[in-house]
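1. Prediction below, plus the sequence it came from.
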Amino acid sequence: MKYLNLILLFIGFTLSAIAQGQQEMITIKANPQPQNLVTIEDFNEALIANPQNTDLYIGRGRAKGLANDLNGAIQDFTKAIELNQNSVPAYYDRATCKLKLKDIEGAIQDYSKAIDIDDKNYLAYYERGNLFFDTKKYKEAS
């Protein structure tokens, strides 16, 4: 009898966990959050339902960047900026893509804009400082 109770208890926990997992999947599909999406296609689907969601454009831009579609990533970060002109992640990530495409001045401008919005963004200071140093703009780097 003791083993039967343990088995029933285990089955109950398992069914509960399965139901919870299904509920989470339903929630994700009904209200997608960028951290739950993985592929560009996932972001495309989410953007159909939420075309004004800045975070989804940033997420898709990052996915495109990882896929080495830097121009596509820049387009998504630009769209995110159009939707939210104070989006530090969009400016920062767009600057990173511009840097990879050797658009040094464009990268400096975007890192600077990220700093204007959030003057405590040490990563943007660091990246911009490196670009100033690399381009021998030592005065600006300090």
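-> Happy to help now that I have it.
2. any idea how far the residue sitting nearest the centre point of the chain lies from residue 49?
-> Geometric centre of the chain, nearest residue: residue 59, 3.6 Å, by C-alpha atoms, centre = their mean. Counting by C-beta to C-beta, to the nearest Å, the gap from residue 59 to residue 49 is 14 Å. (Glycine included, C-beta is placed from N, CA and C.)
3. can you give me the strands for the protein?
-> With strands called from DSSP state E, the chain shows none.
4. lowest-confidence helix or strand of it?
-> Of all the helices and strands that make up the chain, helix 2-30 has the lowest average by mean pLDDT, DSSP states H and E, namely a mean of 36.
5. quick one: the residue nearest to the centre of the chain and residue 88, what's the gap?
-> From residue 59 to residue 88 the distance is 15 Å (C-beta to C-beta).
6. Find the residue ranges of the chain scoring beneath the pLDDT cut-off.
-> Along the chain, the model assigns pLDDT under 70 to residues 1-37.
7. quick one: the helices in it?
-> Along the chain, counting by DSSP state H, helices occupy 2-30, 40-49, 54-66, 70-83, 88-100, 104-117, 122-134, 138-141.
8. who touches the third one?
-> Applying C-beta atoms under 8 Å, 6 or more residues apart in numbering, the contact partners of helix 54-66 are 32-34, 37-40, 43-44, 46-47, 50, 70, 72-77, 79-80, 83-84, 87, 89-90, 93-94, 96-97.
9. Enumerate the positions of it that are buried.
-> 54, 55, 56, 57, 58, 59, 60, 61, 62, 63, 64, 65 (16 or more other C-beta atoms under 10 Å).
10. Residue 61 - nearest residue in space that isn't next to it in sequence?
-> Nearest residue to residue 61 in three dimensions, chain neighbours excluded: residue 76, at 3.4 Å (C-beta to C-beta, 6 or more residues apart in numbering).
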